[in-house]
Every structure is written in C-alpha cells, then in structure tokens.
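Asker: can't give you the sequence, but here's the structure:
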C-alpha cells in the first residue's frame, strides 16, 4: 500500500520497529510516496537480521538501477536515513542475556540491590520468587560519604573533623573514607580474570558527590579490559541508591548487548553506512545516535515509537480530545495517554529491575492475541500465560495452545482468505479455523462450559480478554483524575483493531481512531520522532517563588550542553527547541513531580495545579522543594497535517461478506478493503474492514468515517443508553454466568485497587504513601467482604469484622443509624474488629435510592496515635491504653462535614492518662484520614458506575456469586489435602516467651469444610503480643489463599468453609483491655507458620516483622525489616524479603540519611542464617544504624529465642539478634523487645532470623 504525502528528496528514508515476533518497515521513497511492510524478526534459514533484510527488500523492489543480492552487503548510496526501535535490550533484560557484569558499591551495601525495597512481587506466592540479578560479582569498596546536615560537631567525642565538600546539589558532604585505588585495582584485576567485561559503579550519595565514582571509573578505564563502565552519577544522577544502582546495572548489563547488535547490523551494509544518519528510539520517545543509546534508555524503545505515532496522528490540536493509546500485541498490551504533552515517568520496574530514567508512561498488561484461554473454577481465565510466536495459537498449525487469536478466528472476526497463508510445515497454508473450532469444542465438554456452544465460549473469552485490557486503561485515566469517557481510543498493533470497538463500549468511550498505518504505527511513529538530548542534575533547594540565580545558571549550562550534543549530530542550532523542567515536591514527601516551564504559569502554580488534579488537595504551609533540574533539547520531527473532514459520500462497495459472531449471535456482515475506502466514505457496523496488516472489526452500533487523511474515525454509540436496568417489575432472578463472573471479578478487584492508588497518592505520611502500609476493600450491605485488593496480608479478611461491627452498632436500639453523607471510623481491636490501634479503618456506606447497598473501607497504619512511646509501637506496653487512642465507633464525616474537632479530641485523649501522650503528629493523622475518605469516595464513584452499567440486581448477585466461587476453591483445596494427608492435622509452635500457639484441623472430606481449633493456645499475656480474633482470621485467609495456588477472588467466601474455635482470653482472643500492638506484627506471623505447618506446606519463615522505631521530641520514624523465607518442597527460601503477613517497603538508604539523623552503616544479607536442607531456607538481613544525635530507639521483635523450624528433615534457621554496640566496642544483647536512649557513636545492629530449610540436606559422597 502506498500514498504520496510529500515531495521526496531522492533518497530512501527508513523507520523500522524490530519487535519480538515481527519487524515492521515504514519507508519514504525517493519520490515522496510511502510503503509499509512486515517480516518475521527471526528467520535464520533465510536471513541473519530482519531490519537489514527489510531494507534490502525495499531497495531491491524500488531501486531498479542497482543490484541488492542477499549474499552481499547492502549498498547505502541511496539511503537517506535509518531510524530504529528495537526490543534487543528488553529481550535481553527479560531473558537475562546481557553482558557479564560486576557491581562496585560502597562497603556494607553489597546486597542492597538484591534486597531492593524488601517487598515480594506476589504476596500469595509462598516461593516469594524474585527476578534474578543482573550482576554476577560484587566488589564492596572501603569508602564513605555522608551528608553533613546531621553530623555531630568536630568537637564531639566520637566525631572528628572529616573533609567537607559542597556537592552538586548544594548539600555539604563529609568524606569519612577515601577509596584506596591500589586495593581496588587488585579487585578489578580479579574480575577481569574471571571474565567480567562490564562494571556498574554505584556509591552512596554519588548523586551529589561523584568524585569517588569518577576516580574508580578512570582507574577501570585505564586497565583497558572492560568494554562497558557505567557510573551511576552519570547514568542518572538522582537520589535513591537502590533505583540508581539498578539503573546503572541495567546500563552496564545491556549496553554491550546493544553494541554487539549494532556491530552485527552494520556488517550487513557497505562501508559508507557511517555517512547515513542512524538513530534509535529511546524510552522517552526521542531519537538518539547509535553512540548515545544506552541500555537503560532502550527498555521501551519499541512501544515508544507507537506512542509517538498515535500522538502525531490521532490527537487533533483543533478539538484537543485526549487519546488513549491501545497497542495490542501477541503476548501483552501497552496502554498510554496523550493530551498534547508527553506523559513521562521517571521510575518504573521492568522485569524486576527498577529503572530510574525518563520514560513514556506506558502501562503493560499480560493479555494479547497469544494469551492462553482456560476454564477453571467456574470462571473464564485469559492469560497471563502466552502461547507466544512458537508454537503459537492453535490456528497457527504448530500444535499450539488455545488463545485469544483462536477465539477471533472461530468467530469470523479474522477472515482467513484475507490473511497471509504463512502457516503449516511449509509456511504456505492459511489459518486453521477448523483446528481452532475443535479445540473450543473440547472445552464444551467441561462442566464450566455450562452447555455453551464453541462460539459462545469463544465470545465469552473475548469479553473477558477485553475487560482485562480495559483495567489498565481505567487505572491510567481515573488514577490521575481524568474522565475516561472524554477520551478517544487510538488503537494500533496487529490485533488492536479487532478489539477496540468492543473495549470502547465497555469503557463508555465514544470515539475510536484507527490510522491507515495502524498495523505498523510504531514504525511510522519513528519516522516522525524528535531528535532529543536530555541533561539533568540533582538539586536540594527550597523553591522561593522563582528559580534562584544559581538555578538559572545551572539550567543555562544544561541547555548549552544539551544543544551541543545535537549540533554535534549535524543539526542546525536554530532548529533546536529547549524545554526546561524542575522536579518539585512538598517538604516531608518523597514523590516529586517533574514540572515543565510554561508561559502562563509559574513553576509553583503549575506544580500546585498538577498536584491538585492528581491528589485533590494542596499541602498548605509546606515548603516546595527542588530535587532536580532538567533540560530537554529537541529537533522537532515531522508532524503530518490533519486535513479537515470531507463531506460524506455515502457507503463504499463491499468486496464480499463473511459470517461473524457478535453479541446477538451469528451475522452475515459486509467485508471492505481499506484501499477501496475514500475520504468521506461511511461504513456501518457490524462489518469488517481489511487492512494490509490488520483487521478492523466494527461492532454493532459503531460507524466508521474515512477522514481526509484516509484514517478511520469510528463513532461508538453509548452502550449504556441502549440498556434498560430498571428493575422495578418485580423480583429478577439472575443466573450465574461464568463469563460475567470473570468480568465482575476484574471489576471488583479493579475498584479496590483504584481505591488503593487513590489512598497512596493522597496520603501524606511515609507509612501510607511510601511504605504502602494500607488496604482497601468492598463489602456487601451486611458487611460481607467482596474484594480486598492484595495490599497488606494482615489486613486481608479482617476489615469485614470492623464493617459488621459498625453496622450492628449504629443500627442497634437507641442509636441513630447510618445516613447518607456519613463516614465511620474505628480502630479498637477487641471491640470493633480492629487489628492494632495504629491501623485505623475508615468505612463509607454506598447508598442507592435511600438504601445502603454496599460499603467501602480503607485501613491505614498511622505513624503515631499517642501512647507511651513515639510511633505508638511500644515494646513494653502492658495494656491497650498504653498503645494510643482508641476508637470504638465515631462518625468521621457527618452531614457531609469532616468532624475535625471530634476526631482531634479522640486522638489527643491518651494525653489525659498519666505517663501517656496524645498523638505526636496530628497534622499527618488528619491528612491521612482525609485521604482514606477520598479513597472510599473513589470506590463509591466506581461502584456507582458499575451499577449504572449492569443494574443493582446484577451487581448484588455477582457479589454473592464471587463469594461462592472463592468458597468452592477453598473447599476443593481442603478435599485434596484430606485425600493426600488425611482429615486431621495438628501443629504447635511457641512464642519466645514460651506461650504456645496450637492448632488442630479437622476436615470433612465430603463437604470440604474444616474446623480450625486453636484449643491449647496459651492464655493472654501481660504484654502486647496478644492478637484479637481479626488477626487470626487474616492469617488464616492469607494461608488458605496461598495454599489454593490460583488467582481466586479474595473475599469472605474463602472463610465460609471454616469454623473457628479460639478459646476466650487466650493469646488469640484476649479481653478488651489487653495490649495487642505486637499481635498484629508478630503473633500474626506465628499463626501463619502454625497454619502452614499443619498443612505441611513449607518450613517456617522468619516469623517476625522486626519493628524498629526511633525518634525524639521532634520526629518519629517506623520501619519493618525483612528476613528469610522458608523453603518448600520445590523451592529454596528467598533471602532478605518480607514474608506472609506484611509486604511493606523500606526506605532507601540515601533517603533515610537525607531525612533523618542516622547513619546506615550496613544493610546486607545475613549469610548462613537460613536453615540447611535439600532446599535451603532464605537468609535474614543485617541492618546497622548509628544515631547522629541522641535518639530513643525501640525494637519489637520475635524469634530471638526459638528458631524458625525446618520441615521434612530440613534444618531450623538461625534466630535473630538485637545488639547494641557501645562506643568502647562492647556488644550488648538487647533482647527481643527493648527501648532506650542511644548516643552518637553507638550502634544498633539488628540481625533478622532466616527461614527454615526443607528436606534432608544432601550429603557429599
């Protein structure tokens, strides 16, 4: 297909997107006409490199004056430019196929990238599987730099006058130790001898003081044996050691891979290729020359081209309608947003690696044309497993797997006669429609098929796949405060146009846009991309209403540097556009926002406007800080003119018809070829439009108009306007539909997750905003749990007790009930279904026609709510009132007004008790409570939309069906266990004080129900590790969900088969006055260990959260610390990771030292602490802190006396230790629960427990 757009310059200009399966070619020919083509990315039997072959084929076909044989290097005399997007770096990262690389890092932090933020990717995966590391060796350097802001004076007994320097940020640093370059050279020589070819050098605080990194880098370069030396201070000079270290590692690991590919690519051309401009797409949507294309910049190289493509073709500056990019591929789908400005993000996680670099904000979901289809547990499941390119879907004729593409083929939405015949052993057969139909016919025999035909099953799977892809689109828009219905859906990729109209209907969107090059839009986007060079420097300044003189000087310097790089590439200076940015945040928060300079607002106004839009409020009275200065210099690429729509010329002539399946069943629909469509043509749905590289499916009530540019502008009729959900004609019986069950499961969980995102964005405290210590959930009108987003496991299932208590409390005789516009709050563990006092639950009713139909709730850990110790986590509390403010039932919002005075009085009330204090941070308490209200409001809004879409009766029915589905999964798991291990099981374990936790399980194998009897558990203690029943419920629901090993809905159905017996006044069911703060964070872990032991699942994990608090009258800080995970029948235990009932993150070392008066001396794995076994248990960690001024430090921990158990012959793990290292070097064991003042020069060393081993250790022969 070709279309002339501009006058040519006599040369061939190539834009190439090399994907995982296909390579797309866009070429502007010498006469200005355009062609597109597609070929396999891997076909070694015919060509060594797809981009080279694609270029050769175009030249061979269109340059008749020269010969381009495949056996010889391609002539370059007629090539004007080559632009390329590639997945080479992405694939190398995913497959861990990069260069042999070593990490060079400050002593004490050699394991910090492996530990990361200590959270585990999947909270229900008992293996705690983590991605493998990029580096194979670590060299720890004896050097140390600290920020001097908290350092003691030189006159201090324990602190001498170290050299001081002013860093790049303006912060003063002190050098505690200079690196010994001679010793380092020996270390580097050893790496060389072991075959390491790449180095990532990342030292503490090098973002501001890079001299040590530079010295080591210079030394390594002088040795001449390392092909890649990446310095973190150059790769991305931003604060956060872990993110910067991962980014630096990615650069060192991937850049040699890119260099190797580029070298092989260049070998395919003659020697004059060097005269041809050769550029590559970076993750930020800009082009870079081959010498400036680092591995960390290439992760989103392929998808970025597509974003540029739809941004420059689908977004019309005249109407300003924002676009959602929808790029559906074989294994995954990418979604993004464009409203006239690039939406960039500066820290993402790809393949388990945190990348800190400018990247287009692209969200990926594991659902694509190759996503596999399953009928499981009465639900339709799509992915995340993929059939991939080989063997592929069934219709590819390679004995593949049933996939989404098969559903489209069986339903006639892909017409084989218009699809290339490239399948079968000789690659000359069409798609195998009959094979795909037979595969669906096999599914009809399963009970879950419920009598559906093959076509009905296929259509059901398409609906579920569409909902899976709708979920990230909702997140992308609603999460940032945008109305999704005001956007147009710009779809591209080979499979996208088949699904776009149906998805637009599901999302309530009224416009779909399909570009004429939609099948190769990533390549087309490359042809229009800007040439970009960015420069950035860190800062540490207060914004004072305008940029300071020094700031202006730095921005000018960065601009000159950025422009110079583009001029060196051959661009004229007048063509260069400079954009200036500063990275801003409120004081006391860690989430900075990159603000672009604009003509109509100051930086402060732009920052506050964006903050208000995303978070819904401003932080009054807080300074605005500058974290970074950034300049983006660019040479704008071509933007095609968007022509006015022509007058309508009626409908085109169809080339034929096809039998296709839609929501009303089979229909004979017209088939059109896009080359027959002229500007002004209108095509009514249902119909099919064939593009050379994709198929457009026009759904019922959709109408496509051919624009002046030859693209398809599709109008989607509001599907909700067609539906009638008036349910007043008497009782309506809703029968369970597995398709809708799957869709509602996505929607309910999506709403809970959206609530969590709102809470994380709007909260103020570090605990909620950064550590993510919260959970959000949906409930039925009687308080039954419907969906609990997988946030913090100890909250799972526990909130329904809190909701039910409030329902009963306020509706009991003599009380006022619950009215619209009211919000409830509670935290009392024993009386009101709480866990411990710092976890405050905010509950909001959802009304419909004056009646409560649902509840939404959010539970967040507040950093301080009073009590006898800062942080409200006292190690030695004896009763509940020692631990802070108690809320049994209070209306936080009444008559629509936030009751600040009343809640303030409650939070300050502990101060009336002798020796006690009210909250130490009322401001953050109130802000976080408001954030919880906002999170609940987002849930109400989304639930209301769901009711509008499906009707109240349907939504309520599927809430019940979802609970029943979860119940059935647990019952089946219990039956399976009973059949293998018998109907009875028993386990016992002991707290460090000797208190037993005993469990007897009695399973009814016929019904799959079970009694969990905790009789034998010790009495409640005069201490704080008592646990209210809600904690036990959470521990059990977490354990059951983990044992099911399937992605089932998380709701009260999981506990429906369970009968609990928990003795009154025992450790797990104390009276209303007992201290419980440790029960939530310690005893919960031990309950899980006992449950998993009874089910013979795995060895014990660390059995603790290692709760550390420190502070003084001015501040308080709280963190939990990782340990070792227990090994299991098929896995080794992971090291340095949070397990079971917690998954909170830990503060980055540089942020910790920047914000608090402590020195982190060591954060490392505690080698050898995991239990030995056939499968070894995971190791704990060592965390050593030194206060820089007198502080009170408290530790609340377990497993300091009794070791985490091994299983099936595996050995027990090491216990933890809390050690005080005094100034004179004497080491004192502080015990498991301790609190005291520490002075400068002293150190607190926490050694956390390991995980038990599994299986008898192998013996050497």
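Answerer: Perfect, I can see it now. Everything numeric in this text was worked out from a predicted model, so none of it was measured.
Asker: surely residue 360 touches residue 284?
Answerer: Yes: assessed by C-beta atoms under 8 Å, residue 360 is found in contact with residue 284 at 6.2 Å. Quick note: C-beta positions are derived from backbone N, CA and C, even for glycine.
Asker: looking at those two, which is more packed in?
Answerer: Each of residue 360 and residue 284 has its neighbours counted (other C-beta atoms under 10 Å); residue 360 has more, 26 against 21.
Asker: what sits against residue 713?
Answerer: Contact partners of residue 713, counting by C-beta atoms under 8 Å, 6 or more residues apart in numbering, are 511, 513, 645, 704, 705, 706, 707.
Asker: beta partners of it?
Answerer: On the basis of DSSP bridges, residue 713 is bridged to residue 513, residue 705.
Asker: against residue 788, how distant is it?
Answerer: From residue 713 across to residue 788, the span is 42 Å (C-beta to C-beta, to the nearest Å).
Asker: again, but for residue 431
Answerer: Counting by C-beta to C-beta, the gap from residue 431 to residue 788 is 42 Å.
Asker: so for these two, which sits in the more crowded spot?
Answerer: The neighbour comparison of residue 431 against residue 788 (other C-beta under 10 Å) goes to residue 788, with 32 against 25.
Asker: with adjacent residues omitted, what lies nearest to the more buried one?
Answerer: residue 777 (4.1 Å; C-beta to C-beta, 6 or more residues apart in numbering).
Asker: part of a strand, is that neighbour?
Answerer: Yes: under DSSP: H, G, I helix; E, B strand; the rest coil, residue 777 sits within a strand.
Asker: can you report how many residues neighbour it?
Answerer: Residue 777 is flanked by 32 other residues according to other C-beta under 10 Å.
Asker: next up, the contacts around it.
Answerer: Taking C-beta under 8 Å, 6+ apart, we find residue 777 in contact with 752, 785, 786, 787, 788, 789, 799, 800, 856, 857, 858.
Asker: ok, 6 Å please
Answerer: By C-beta atoms under 6 Å, 6 or more residues apart in numbering, the residues touching residue 777 are 752, 788, 799, 857.
Asker: shaky segments in this protein?
Answerer: 1-7, 154-158, 389, 479, 481, 590, 614-617, 718-732, 797, 1259-1261 (pLDDT under 70).
Asker: okay, now the domains of it?
Answerer: 92-266, 371-525+645-718, 530-635, 738-963 (automatic domain parsing).
Asker: residue 771: what's its closest spatial neighbour, skipping adjacent residues?
Answerer: Closest residue in space to residue 771, ignoring its immediate chain neighbours: residue 1144 at 4.5 Å, by C-beta to C-beta, 6+ apart.
Asker: wait, residue 1098
Answerer: Once flanking residues are discounted, residue 1098 sits nearest to residue 1128: 3.7 Å by C-beta to C-beta, 6+ apart.
Asker: same deal with residue 1181?
Answerer: Closest to residue 1181 by C-beta to C-beta, 6+ apart is residue 1136, at 4.8 Å.
Asker: give me the neighbour count for residue 337.
Answerer: 25.
Asker: any idea how far it is from residue 1247?
Answerer: Distance of residue 337 to residue 1247, given as C-beta to C-beta: 46 Å.
Asker: and what of residue 465?
Answerer: 48 Å.
Asker: the two - which one has more neighbours?
Answerer: For residue 465 versus residue 1247, neighbours defined as other C-beta under 10 Å are more numerous around residue 465 (29 against 22).
Asker: show me the contacts for the more buried one.
Answerer: Residue 465 touches 367, 382, 404, counting by C-beta under 6 Å, 6+ apart.
Asker: give the buried residues for stretch 104-121.
Answerer: For stretch 104-121, a neighbour-count test (16 or more other C-beta atoms under 10 Å) marks 104-120 as buried.
Asker: which residues touch whichever strand or helix holds residue 409?
Answerer: In the assignment (DSSP states H and E), residue 409 maps to helix 404-410. For helix 404-410, the surrounding residues in contact (C-beta under 6 Å, 6+ apart) are 369, 371, 393-395, 414, 431, 433, 436-437, 440, 458, 461-462, 465, 498.
Asker: hmm, residue 1201 is touching residue 992, no?
Answerer: Yes: using C-beta atoms under 6 Å, residue 1201 is in contact with residue 992, at 4.0 Å.
Asker: between those two, which has more neighbouring residues?
Answerer: Legend: neighbour count by other C-beta under 10 Å for residue 1201 and residue 992, higher for residue 992 (21 against 14).
Asker: now the two most distant members of the contacts of residue 777.
Answerer: 752 and 799 (10.9 Å; C-beta to C-beta).
Asker: neighbour count for these two, which is higher?
Answerer: A direct count of neighbours by other C-beta under 10 Å for residue 752 and residue 799 places residue 799 higher, at 29 against 26.
Asker: quick one, phi/psi of the more buried one?
Answerer: For residue 799, the backbone dihedrals are phi -70, psi -20 (criterion: degrees, to the nearest 10).
Asker: what is the burial count for the residue lying closest to residue 1020 once chain neighbours are set aside?
Answerer: Nearest non-adjacent residue to residue 1020, counting by C-beta to C-beta, 6+ apart: residue 1070, 3.9 Å away. Neighbouring residues of residue 1070 were enumerated by other C-beta under 10 Å; the total is 24.
Asker: where exactly do the helices run in the stretch 551-700 of the chain?
Answerer: In the stretch 551-700 of the chain, the helices defined using DSSP state H, counting those that start in this stretch lie at 603-615.
Asker: next one: the stretch 151-300 of the chain
Answerer: Under DSSP H, counting those that start in this stretch, the stretch 151-300 of the chain gives helices at 181-193, 211-223, 232-235, 241-266.
Asker: how about the stretch 351-500 of the chain?
Answerer: Using DSSP H, counting those that start in this stretch, helices in the stretch 351-500 of the chain cover 404-410, 433-443, 454-478, 496-507.
Asker: equivalent analysis for the stretch 951-1100 of the chain, please.
Answerer: In the stretch 951-1100 of the chain, the helices defined using DSSP H, counting those that start in this stretch lie at 952-981, 1029-1044, 1077-1078, 1084-1094.
Asker: give me the nearest residue to residue 270, chain neighbours excluded.
Answerer: residue 73 (4.7 Å).
Asker: quick check: the one you found touching residue 267?
Answerer: No: contact status for residue 73 versus residue 267: not in contact, 7.4 Å apart, counting by C-beta under 6 Å.
Asker: out of those two, which sits in the busier spot?
Answerer: For the pair residue 73 and residue 267, the greater number of neighbours falls to residue 73 (17 against 12), based on other C-beta under 10 Å.
Asker: quick one: stretch 514-529 to chain centroid distance?
Answerer: Taking C-alpha atoms, centre = their mean, to the nearest Å, one finds the center of stretch 514-529 at 28 Å from the center of the full chain.
Asker: how about residues contacting that stretch?
Answerer: Applying C-beta under 6 Å, 6+ apart, the contact partners of stretch 514-529 are 15-17, 24, 26, 36, 83, 85, 281, 287, 305-306, 308-309, 312-313, 491-492, 494, 497, 637-638, 691, 693-694, 696, 710-712.
Asker: just the terminal-to-terminal distance for it.
Answerer: 19 Å (C-alpha to C-alpha, to the nearest Å).
Asker: quick one: neighbours of residue 292, just the number.
Answerer: Residue 292, neighbours per other C-beta under 10 Å, totals 15.
Asker: what about residue 871, which SS state?
Answerer: helix.
Asker: so which bits of stretch 706-722 are buried?
Answerer: 706, 707, 709, 710, 711, 712, 713, 714, 716, 719.
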